[in-house]
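Q: need the 3D shape of this:
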Amino acid sequence: MLWTVLLALLVLVLLQTQLSTCLRELRSHSFSSLSSTLYNGTQQRLPGAIIIGVRKGGTRALLEMLNLHPDVKVAKAEVHYFNVEEHYRRGLSWYHPGYFSSPEVPARVWDMNPAVRLLLIVRDPAERLVSDYTQVLHNRLTRHKPYQPLEELLQHKGHINPNYKALQRSLYHQHLSRWLETFPRNQIHVVDGDALIRDPFPELKKAERFLELPPKISPSNFYYNTTKGFYCMQTDGHDKCLDESKGRPHAPLSAQAFKKLCHYFRKPNKLFLKWWVGPFPGANSGIL
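A: Predicted coordinates:
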């Protein structure tokens, strides 16, 4: 199957020492979302690929890096289709993608195109949670709105609060199980989000093969920006870096609270790995 255009939408960076400790201790991951639409000349077809995931999982980075491919075209806005009733009722002519964690989304995607390919990008769940809170905090500060410290939201009576929504978004095994009830495993490709940050090219080559795109992305498309602290992209003489929200210092969290968080994620991480039998992208990269 030859892909000619990938229309993508994002659906939905720390206390470095603490997060690294959690990565080693948990050996875990995270997610996000994108969608693609095939075209034949100017005639639009149904989406042939979607990135599934939760917010702050690395989707935007994957999206922009895939856009380096000449056969890929990325949309400039986020519109929630599968997970927002008002949008979904408008039908496929108004199509855009949805959330990894929304229960109704897998069946809706299947109804749209049972042959669709799913790109799943994963990161450490604790890192994703702190990044999630940091984004909310930034938005509230910008609007001069009050906010609760992360430690208060994360804990209740000295224990991890299971009702905290950012925590629930990091319970990947619960969300992935719904996708695997609907889609066969061979239609889901896992992208190692931590490896993508450290060295983007190998992960992009794997994604190209999964999408059956001709190999067009090369190591020369990436360079490390020492000022920003992460890789940026270049193509046709133009440079592009992710926006200022990427690499933003994370909100503070005590070592004690972070340790509790890492401990809390141990069991969910094991359950998540059981759903994904066989080699996992982080098996050789230190995140599993």
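
Q: got any ranges where the stretch 151-288 of the chain has weak pLDDT?
A: 244-245, 247, 276-288 (pLDDT under 70).

Q: buried residues, the biggest helix by length in the chain. List them.
A: Assignment by DSSP state H gives helix 255-275 as the longest helix of the chain. Within helix 255-275, the residues scored as buried using 16 or more other C-beta atoms under 10 Å are Ala257, Phe258, Lys260, Leu261, Cys262, Tyr264, Phe265, Pro268, Asn269, Phe272, Leu273. Backbone N, C-alpha and C define where each C-beta goes, glycine included.

Q: which among these gets closest to Lys205?
A: The closest of these to Lys205 turns out to be Leu273 (C-beta to C-beta; 24.0 Å).

Q: so Tyr224 belongs to a helix, correct?
A: No: under DSSP: H, G, I helix; E, B strand; the rest coil, Tyr224 falls outside any helix and is assigned strand.

Q: which non-adjacent residue is nearest it?
A: In this structure, Tyr224 finds its nearest non-sequential neighbour in Tyr231, 5.5 Å apart by C-beta to C-beta, 6 or more residues apart in numbering.

Q: confirm for me that that neighbour is in contact with Glu203.
A: No: between Tyr231 and Glu203 there is no contact under C-beta atoms under 8 Å: 11.1 Å.

Q: neighbour count: these two, which is higher?
A: Taking other C-beta atoms under 10 Å, Tyr231 and Glu203 do not tie; Glu203 has more neighbours (25 against 20).

Q: you'd agree the more buried one is in a strand?
A: No: read with three-state DSSP, Glu203 is helix and lies in no strand.

Q: dump the residue contacts of it.
A: Applying C-beta atoms under 8 Å, 6 or more residues apart in numbering to Glu203 gives the contacts Leu62, Val191, Asp192, Ala195, Leu196, Pro281.

Q: about what we covered before: show me which of the buried residues of helix 255-275 is closest to Ser177.
A: Using C-beta to C-beta, Phe272 is the member of the buried residues of helix 255-275 that lies nearest Ser177, at 8.9 Å.

Q: is it true that the closest one touches Leu176?
A: Yes: the pair Phe272 and Leu176 passes the contact test of C-beta under 8 Å, sitting 6.5 Å apart.

Q: how about the strands in the chain?
A: Ranges of strands in the chain, per DSSP state E, are 34-36, 39-40, 43-44, 49-52, 117-122, 155-156, 159-160, 188-192, 222-225, 230-235, 238-240.
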